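**Student:** Quick one, structure for this:
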Amino acid sequence: MKWPVTASCALTCLLVAEARALPALSSANCAKAAQYSESKHGTSFLVIQDGRTLFERYANGGAVDGAWPVFSGTKSFWGIAALIAVGEGLFTLDDRVSDTITEWRGDARKSQITIRQLLNFTDGIEPAPFLHRESIRDRNAVALTLSSVAAPGSVFTYGPSHLQIFSELLRRKLHGRSTISYLEEHVLTPLGIGSPDYKKDGRGSPLLASGFHLGARQWAALGEMVLGHGNYRGRQIVSGDLLQQAFSGSSANPSYGLTFWLNRPAGLFASEADIEKILDLPWPRASWRGICMSKSAPPDMVVGLGSGYHRLFVIPSMNAVIVRQSSAANAKFSDAYLLRLLLGR
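**Tutor:** Residues are numbered from 1 along each chain as shown. Reported below is the predicted structural model:
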(Lines give C-alpha, C1' and ligand atoms only; values in the text may rest on other atoms or scores of the structure.)
Protein backbone atom coordinates (compact mmCIF):
# COMPACT_ATOMS: atom_id res chain seq x y z
CA MET A 1 0.00 0.00 0.00
CA LYS A 2 1.35 3.44 -0.92
CA TRP A 3 0.97 6.14 1.68
CA PRO A 4 0.16 9.67 0.47
CA VAL A 5 3.04 12.13 0.57
CA THR A 6 1.95 15.20 2.50
CA ALA A 7 3.51 18.63 2.06
CA SER A 8 5.07 18.46 5.53
CA CYS A 9 6.50 15.01 4.79
CA ALA A 10 7.96 16.22 1.51
CA LEU A 11 9.50 19.22 3.24
CA THR A 12 11.01 17.01 5.95
CA CYS A 13 12.53 14.72 3.32
CA LEU A 14 13.95 17.75 1.50
CA LEU A 15 15.53 19.10 4.69
CA VAL A 16 17.05 15.73 5.60
CA ALA A 17 18.43 15.31 2.09
CA GLU A 18 19.87 18.83 2.21
CA ALA A 19 21.56 18.16 5.57
CA ARG A 20 23.12 14.94 4.30
CA ALA A 21 24.34 16.71 1.17
CA LEU A 22 26.48 19.12 3.19
CA PRO A 23 30.20 18.43 2.67
CA ALA A 24 32.72 17.90 5.42
CA LEU A 25 33.89 21.09 7.05
CA SER A 26 37.06 22.52 5.55
CA SER A 27 39.98 24.09 7.38
CA ALA A 28 39.81 27.05 5.00
CA ASN A 29 36.18 27.78 5.88
CA CYS A 30 36.94 27.30 9.57
CA ALA A 31 39.67 29.93 9.26
CA LYS A 32 37.26 32.36 7.57
CA ALA A 33 34.71 31.85 10.34
CA ALA A 34 37.40 32.26 13.01
CA GLN A 35 38.62 35.48 11.41
CA TYR A 36 35.08 36.87 11.45
CA SER A 37 34.66 35.78 15.08
CA GLU A 38 37.91 37.50 16.08
CA SER A 39 36.86 40.70 14.30
CA LYS A 40 33.91 40.74 16.73
CA HIS A 41 36.01 40.20 19.86
CA GLY A 42 36.02 36.43 19.62
CA THR A 43 38.54 34.71 21.89
CA SER A 44 38.01 31.00 21.27
CA PHE A 45 37.01 29.12 18.15
CA LEU A 46 37.02 25.34 18.18
CA VAL A 47 35.69 22.95 15.54
CA ILE A 48 35.47 19.19 16.11
CA GLN A 49 34.18 16.85 13.42
CA ASP A 50 34.08 13.05 13.41
CA GLY A 51 35.75 13.02 16.81
CA ARG A 52 38.87 14.94 15.79
CA THR A 53 39.83 18.57 16.22
CA LEU A 54 39.64 20.14 12.79
CA PHE A 55 40.37 23.71 13.86
CA GLU A 56 41.31 25.43 17.14
CA ARG A 57 42.37 29.02 17.63
CA TYR A 58 42.56 31.41 20.57
CA ALA A 59 42.91 35.16 20.07
CA ASN A 60 42.69 38.50 21.87
CA GLY A 61 44.17 37.20 25.09
CA GLY A 62 42.59 33.77 24.89
CA ALA A 63 44.48 30.60 25.78
CA VAL A 64 43.84 26.92 25.26
CA ASP A 65 43.44 26.43 29.01
CA GLY A 66 41.65 29.73 29.57
CA ALA A 67 38.09 29.80 30.88
CA TRP A 68 35.45 32.32 29.89
CA PRO A 69 31.97 32.85 31.29
CA VAL A 70 29.41 31.01 29.17
CA PHE A 71 26.51 32.80 30.84
CA SER A 72 23.26 31.04 29.84
CA GLY A 73 25.26 28.20 28.34
CA THR A 74 25.18 27.02 31.96
CA LYS A 75 21.49 26.17 31.59
CA SER A 76 22.08 23.19 29.29
CA PHE A 77 24.16 21.35 31.88
CA TRP A 78 21.25 21.54 34.32
CA GLY A 79 18.88 20.36 31.60
CA ILE A 80 20.99 17.22 31.23
CA ALA A 81 21.02 16.77 35.01
CA ALA A 82 17.21 16.96 34.97
CA LEU A 83 17.01 14.19 32.37
CA ILE A 84 19.40 12.04 34.40
CA ALA A 85 17.15 12.52 37.42
CA VAL A 86 14.23 11.34 35.28
CA GLY A 87 16.25 8.27 34.35
CA GLU A 88 16.90 7.59 38.02
CA GLY A 89 13.18 7.69 38.76
CA LEU A 90 13.20 10.88 40.86
CA PHE A 91 10.33 12.30 38.79
CA THR A 92 8.89 12.38 35.27
CA LEU A 93 8.86 15.41 33.02
CA ASP A 94 5.08 15.53 33.10
CA ASP A 95 4.76 15.36 36.89
CA ARG A 96 3.20 18.44 38.38
CA VAL A 97 5.61 20.67 40.25
CA SER A 98 3.05 21.03 43.04
CA ASP A 99 3.46 17.33 43.85
CA THR A 100 6.80 18.39 45.34
CA ILE A 101 6.39 22.14 45.88
CA THR A 102 3.27 21.50 47.93
CA GLU A 103 2.76 25.16 48.84
CA TRP A 104 1.63 25.70 45.24
CA ARG A 105 -1.33 23.33 45.51
CA GLY A 106 -3.77 26.09 46.39
CA ASP A 107 -2.84 28.26 43.41
CA ALA A 108 -5.08 27.74 40.37
CA ARG A 109 -2.28 28.25 37.86
CA LYS A 110 0.86 27.14 39.68
CA SER A 111 -0.75 23.88 40.76
CA GLN A 112 -1.01 22.86 37.09
CA ILE A 113 2.62 23.51 36.07
CA THR A 114 4.63 20.48 34.99
CA ILE A 115 8.37 19.92 35.32
CA ARG A 116 8.64 19.91 31.52
CA GLN A 117 7.15 23.41 31.46
CA LEU A 118 9.71 24.58 34.03
CA LEU A 119 12.52 23.30 31.82
CA ASN A 120 11.22 24.75 28.55
CA PHE A 121 10.18 28.03 30.18
CA THR A 122 6.47 27.77 29.36
CA ASP A 123 5.26 27.57 32.97
CA GLY A 124 3.85 31.11 32.82
CA ILE A 125 5.97 32.34 35.73
CA GLU A 126 7.47 35.83 35.43
CA PRO A 127 11.09 35.63 34.18
CA ALA A 128 12.54 37.60 37.15
CA PRO A 129 15.98 38.68 35.85
CA PHE A 130 16.69 40.23 39.27
CA LEU A 131 17.44 36.70 40.52
CA HIS A 132 20.92 37.18 39.05
CA ARG A 133 21.73 39.66 41.86
CA GLU A 134 24.36 38.43 44.26
CA SER A 135 22.66 40.20 47.16
CA ILE A 136 19.78 37.69 47.29
CA ARG A 137 20.21 35.39 50.28
CA ASP A 138 17.91 32.57 49.14
CA ARG A 139 17.10 32.54 45.42
CA ASN A 140 15.05 29.35 45.67
CA ALA A 141 12.71 30.81 48.27
CA VAL A 142 12.25 34.02 46.29
CA ALA A 143 11.60 32.08 43.07
CA LEU A 144 8.76 30.11 44.66
CA THR A 145 6.90 33.36 45.44
CA LEU A 146 7.07 34.78 41.91
CA SER A 147 3.87 35.66 40.11
CA SER A 148 2.20 33.67 37.39
CA VAL A 149 1.70 35.96 34.39
CA ALA A 150 0.06 33.46 32.01
CA ALA A 151 -1.56 30.05 31.92
CA PRO A 152 0.92 27.16 31.92
CA GLY A 153 1.96 26.19 28.39
CA SER A 154 0.64 29.35 26.77
CA VAL A 155 3.72 31.60 26.60
CA PHE A 156 7.52 31.46 26.64
CA THR A 157 9.16 33.67 29.27
CA TYR A 158 12.95 33.56 29.26
CA GLY A 159 14.71 34.21 32.54
CA PRO A 160 16.27 32.62 35.62
CA SER A 161 13.01 32.02 37.48
CA HIS A 162 12.15 28.65 35.95
CA LEU A 163 15.40 26.86 36.65
CA GLN A 164 15.62 28.36 40.13
CA ILE A 165 12.24 26.82 40.91
CA PHE A 166 13.55 23.56 39.46
CA SER A 167 16.56 23.93 41.77
CA GLU A 168 14.27 23.80 44.78
CA LEU A 169 12.31 20.89 43.35
CA LEU A 170 15.51 18.93 42.73
CA ARG A 171 16.82 19.80 46.20
CA ARG A 172 13.68 18.34 47.76
CA LYS A 173 13.82 15.25 45.58
CA LEU A 174 17.40 14.75 46.72
CA HIS A 175 16.24 15.04 50.35
CA GLY A 176 18.55 17.94 51.07
CA ARG A 177 21.59 16.70 49.16
CA SER A 178 23.53 19.40 47.36
CA THR A 179 22.21 20.02 43.86
CA ILE A 180 25.61 21.18 42.65
CA SER A 181 27.13 17.94 43.96
CA TYR A 182 24.50 16.03 41.98
CA LEU A 183 25.44 17.95 38.84
CA GLU A 184 29.15 17.39 39.41
CA GLU A 185 28.75 13.67 40.05
CA HIS A 186 26.40 12.91 37.17
CA VAL A 187 27.36 15.44 34.48
CA LEU A 188 30.47 17.55 35.04
CA THR A 189 32.90 14.91 36.30
CA PRO A 190 31.94 12.36 33.61
CA LEU A 191 32.53 15.09 31.01
CA GLY A 192 35.96 15.82 32.46
CA ILE A 193 34.96 19.30 33.60
CA GLY A 194 35.23 18.84 37.35
CA SER A 195 34.05 21.72 39.55
CA PRO A 196 33.73 25.02 37.66
CA ASP A 197 33.09 28.35 39.31
CA TYR A 198 29.40 29.04 39.84
CA LYS A 199 27.26 31.79 41.34
CA LYS A 200 26.08 31.09 44.87
CA ASP A 201 23.44 32.81 46.93
CA GLY A 202 23.72 33.50 50.66
CA ARG A 203 22.89 29.89 51.44
CA GLY A 204 25.45 28.51 49.03
CA SER A 205 22.85 27.31 46.52
CA PRO A 206 23.77 27.67 42.83
CA LEU A 207 22.22 29.99 40.29
CA LEU A 208 21.15 27.54 37.58
CA ALA A 209 20.62 30.09 34.81
CA SER A 210 24.20 31.32 34.50
CA GLY A 211 27.61 31.43 36.08
CA PHE A 212 29.89 28.72 34.70
CA HIS A 213 33.35 29.61 33.43
CA LEU A 214 34.54 27.05 30.88
CA GLY A 215 37.29 26.58 28.36
CA ALA A 216 36.30 25.81 24.78
CA ARG A 217 37.32 22.16 25.09
CA GLN A 218 35.31 21.77 28.29
CA TRP A 219 32.17 23.20 26.70
CA ALA A 220 32.73 21.07 23.61
CA ALA A 221 32.57 17.94 25.77
CA LEU A 222 28.86 18.58 26.29
CA GLY A 223 28.41 18.78 22.52
CA GLU A 224 30.32 15.55 22.00
CA MET A 225 28.03 13.86 24.51
CA VAL A 226 25.03 15.06 22.48
CA LEU A 227 26.59 13.63 19.31
CA GLY A 228 27.15 10.37 21.18
CA HIS A 229 23.43 10.08 22.02
CA GLY A 230 24.23 10.59 25.69
CA ASN A 231 27.52 8.67 25.61
CA TYR A 232 30.84 10.40 26.22
CA ARG A 233 34.07 8.47 25.69
CA GLY A 234 32.52 5.14 26.48
CA ARG A 235 30.36 6.23 29.40
CA GLN A 236 26.60 6.56 29.06
CA ILE A 237 25.79 9.76 30.94
CA VAL A 238 22.12 10.00 29.98
CA SER A 239 20.00 7.62 27.95
CA GLY A 240 19.68 8.48 24.27
CA ASP A 241 15.89 8.30 24.41
CA LEU A 242 15.73 10.74 27.32
CA LEU A 243 18.23 13.05 25.67
CA GLN A 244 15.91 13.46 22.70
CA GLN A 245 13.41 15.11 25.05
CA ALA A 246 15.78 18.08 25.22
CA PHE A 247 15.40 18.71 21.50
CA SER A 248 11.63 18.98 21.26
CA GLY A 249 10.22 22.50 21.14
CA SER A 250 6.95 23.71 22.60
CA SER A 251 3.94 25.25 20.90
CA ALA A 252 4.80 28.54 22.65
CA ASN A 253 8.36 28.45 21.28
CA PRO A 254 9.25 25.79 18.70
CA SER A 255 12.86 27.06 18.76
CA TYR A 256 13.53 26.10 22.38
CA GLY A 257 13.61 22.62 23.88
CA LEU A 258 14.68 21.70 27.40
CA THR A 259 17.49 24.25 27.97
CA PHE A 260 18.76 23.95 24.37
CA TRP A 261 17.96 26.21 21.41
CA LEU A 262 16.83 24.46 18.24
CA ASN A 263 17.36 25.17 14.57
CA ARG A 264 14.66 22.65 13.69
CA PRO A 265 12.18 25.28 12.42
CA ALA A 266 14.76 26.14 9.71
CA GLY A 267 13.30 25.53 6.28
CA LEU A 268 12.06 27.10 3.11
CA PHE A 269 9.74 29.52 4.85
CA ALA A 270 11.67 30.26 8.07
CA SER A 271 13.39 33.58 8.66
CA GLU A 272 16.75 33.95 10.37
CA ALA A 273 16.62 35.76 13.67
CA ASP A 274 19.10 37.11 16.20
CA ILE A 275 17.97 35.21 19.29
CA GLU A 276 19.78 37.55 21.67
CA LYS A 277 18.02 40.61 20.25
CA ILE A 278 14.64 38.94 20.68
CA LEU A 279 15.52 38.02 24.25
CA ASP A 280 16.26 41.68 24.97
CA LEU A 281 12.60 42.49 24.30
CA PRO A 282 9.97 42.36 27.05
CA TRP A 283 8.55 38.83 26.84
CA PRO A 284 5.03 39.88 25.67
CA ARG A 285 6.61 41.50 22.58
CA ALA A 286 8.86 38.58 21.64
CA SER A 287 7.70 36.50 18.67
CA TRP A 288 9.02 32.95 18.27
CA ARG A 289 7.03 31.82 15.24
CA GLY A 290 8.65 30.87 11.95
CA ILE A 291 12.21 31.71 12.98
CA CYS A 292 15.52 29.92 13.09
CA MET A 293 19.10 30.78 13.94
CA SER A 294 20.51 29.80 10.55
CA LYS A 295 18.98 28.70 7.27
CA SER A 296 22.45 27.62 6.13
CA ALA A 297 22.85 25.14 8.98
CA PRO A 298 21.01 21.80 9.02
CA PRO A 299 17.68 21.80 10.86
CA ASP A 300 18.97 19.26 13.39
CA MET A 301 21.47 21.77 14.81
CA VAL A 302 21.03 22.43 18.54
CA VAL A 303 22.68 25.27 20.40
CA GLY A 304 23.89 26.12 23.87
CA LEU A 305 23.55 29.90 23.94
CA GLY A 306 25.24 32.38 26.26
CA SER A 307 24.93 36.16 26.29
CA GLY A 308 27.60 38.02 24.36
CA TYR A 309 27.37 35.48 21.54
CA HIS A 310 29.00 32.63 23.39
CA ARG A 311 27.91 29.56 21.47
CA LEU A 312 28.01 25.79 21.50
CA PHE A 313 26.76 24.60 18.11
CA VAL A 314 26.07 20.87 17.77
CA ILE A 315 25.21 19.51 14.31
CA PRO A 316 24.41 15.76 14.50
CA SER A 317 23.97 15.31 10.73
CA MET A 318 27.53 16.57 10.25
CA ASN A 319 28.90 14.94 13.41
CA ALA A 320 30.27 18.35 14.34
CA VAL A 321 30.70 20.52 17.42
CA ILE A 322 31.64 24.20 17.22
CA VAL A 323 32.48 26.45 20.17
CA ARG A 324 32.70 30.22 19.88
CA GLN A 325 33.58 32.44 22.88
CA SER A 326 33.97 36.18 23.19
CA SER A 327 35.45 38.89 25.39
CA ALA A 328 32.80 41.53 24.66
CA ALA A 329 29.10 41.39 25.47
CA ASN A 330 27.96 44.09 23.05
CA ALA A 331 29.87 43.29 19.86
CA LYS A 332 27.68 43.28 16.75
CA PHE A 333 27.71 39.66 15.68
CA SER A 334 25.68 37.36 13.45
CA ASP A 335 25.28 33.64 14.10
CA ALA A 336 23.83 33.23 10.63
CA TYR A 337 26.82 34.88 8.96
CA LEU A 338 29.33 32.88 11.02
CA LEU A 339 27.62 29.63 10.05
CA ARG A 340 27.47 30.60 6.37
CA LEU A 341 31.22 31.18 6.42
CA LEU A 342 31.85 27.96 8.31
CA LEU A 343 29.67 25.83 6.05
CA GLY A 344 30.79 27.55 2.84
CA ARG A 345 27.25 28.40 1.83
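
**Student:** Helices along the stretch 1-150 of the chain, start to end?
**Tutor:** 7-21, 27-39, 74-87, 115-119, 139-144 (DSSP state H, counting those that start in this stretch).

**Student:** Can you give the distance from the shortest one to the centre of its chain?
**Tutor:** Distance of helix 115-119 from its chain centroid, counting by Cα atoms, centre = their mean, to the nearest Å, is 14 Å.

**Student:** Packing partners of that helix?
**Tutor:** helix 74-87, helix 161-173 (3 or more Cβ pairs under 8 Å, 6 or more residues apart in numbering; DSSP states H and E). (Each C-beta comes from the backbone N, C-alpha and C, glycine too.)

**Student:** the strands in the protein, which residues?
**Tutor:** 42-49, 52-58, 68-69, 213-214, 231-232, 235-236, 261-262, 271-272, 291-292, 302-306, 310-315, 320-326 (DSSP state E).

**Student:** okay if I get those strands as CSV plus mean pLDDT and distance to residue 35?
**Tutor:** CSV is the format used below for the strands of the chain (pLDDT from 0 to 100; distance: least, Cβ to Cβ, whole Å):
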stretch, mean pLDDT, distance to residue 35
strand 42-49, 96, 9
strand 52-58, 97, 9
strand 68-69, 92, 19
strand 213-214, 96, 23
strand 231-232, 98, 31
strand 235-236, 98, 36
strand 261-262, 98, 25
strand 271-272, 94, 21
strand 291-292, 94, 24
strand 302-306, 98, 21
strand 310-315, 98, 16
strand 320-326, 97, 12
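
**Student:** would TSV of those strands with distance to residue 189 and mean neighbour count be doable?
**Tutor:** Formatted as TSV, those follow (distance: least, Cβ to Cβ, whole Å; neighbours: other Cβ atoms under 10 Å):
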stretch	distance to residue 189	mean neighbour count
strand 42-49	21	25
strand 52-58	22	16
strand 68-69	21	21
strand 213-214	14	22
strand 231-232	11	18
strand 235-236	10	12
strand 261-262	26	24
strand 271-272	37	15
strand 291-292	34	22
strand 302-306	19	24
strand 310-315	19	26
strand 320-326	20	27
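
**Student:** Residue 104 is nearest to which of the ones you listed?
**Tutor:** Nearest to residue 104 among those is strand 261-262; the distance by Cβ to Cβ comes to 28.1 Å.

**Student:** Show residues contacting the closest one.
**Tutor:** 247, 249, 254-256, 275, 293, 301-305 (Cβ atoms under 8 Å, 6 or more residues apart in numbering).

**Student:** Now with 7 Å, please.
**Tutor:** 247, 249, 255-256, 275, 293, 302-303, 305 (Cβ atoms under 7 Å, 6 or more residues apart in numbering).

**Student:** Which one of those is nearest to residue 51?
**Tutor:** Within the contacts of strand 261-262, the smallest distance to residue 51 is 18.1 Å, found for residue 302 (Cβ to Cβ).

**Student:** rewinding a little: quick check: which of the helices and strands packed on helix 115-119 is nearest to residue 343?
**Tutor:** Residue 343 lies closest to helix 74-87 among the helices and strands packed on helix 115-119, at 22.5 Å (Cβ to Cβ).

**Student:** and that closest one, what does it pack onto?
**Tutor:** helix 161-173, helix 179-183, helix 240-243 (3 or more Cβ pairs under 7 Å, 6 or more residues apart in numbering; DSSP states H and E).

**Student:** Does anything pack onto the first one? Which helices or strands?
**Tutor:** So the one you mean is helix 161-173. Using 3+ Cβ pairs under 7 Å, 6+ apart, helix 161-173 is in contact with helix 74-87, helix 115-119, helix 139-144, helix 179-183.

**Student:** Same question for the last one.
**Tutor:** Using 3+ Cβ pairs under 7 Å, 6+ apart as the contact test, the elements touching helix 240-243 are helix 74-87.

**Student:** Quick one: mean pLDDT over the helix it packs on.
**Tutor:** The average pLDDT within helix 74-87 is 98.

**Student:** cool, and stretch 106-122?
**Tutor:** 98.

**Student:** end-to-end on it?
**Tutor:** With Cα to Cα, to the nearest Å as the measure, the first residue of stretch 106-122 is 20 Å from its last.

**Student:** for the helices and strands packed on helix 115-119, which one sits closest to residue 238?
**Tutor:** Ranked by Cβ to Cβ, the member of the helices and strands packed on helix 115-119 that lies closest to residue 238 is helix 74-87, at 5.1 Å.

**Student:** Spatially, which residue comes closest to residue 48, not counting chain neighbours?
**Tutor:** Computed as Cβ to Cβ, 6 or more residues apart in numbering, the closest residue to residue 48 that is not its neighbour in sequence is residue 321, at 4.5 Å.

**Student:** hang on, the earlier thing: with distance to residue 154 added, can I get the contacts of strand 261-262 in TSV?
**Tutor:** As requested, the contacts of strand 261-262 are exported to TSV (distance: Cβ to Cβ, whole Å):
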residue	distance to residue 154
247	22
249	15
255	17
256	15
275	21
293	24
302	24
303	24
305	23
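
**Student:** For residue 128, state which of those residues is nearest.
**Tutor:** residue 256 (17.7 Å).

**Student:** In a markdown table, list the helices and strands packed on helix 115-119 along with mean neighbour count.
**Tutor:** What follows is these, written out as a markdown table (neighbours: other Cβ atoms under 10 Å):
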| stretch | mean neighbour count |
| --- | --- |
| helix 74-87 | 24 |
| helix 161-173 | 23 |
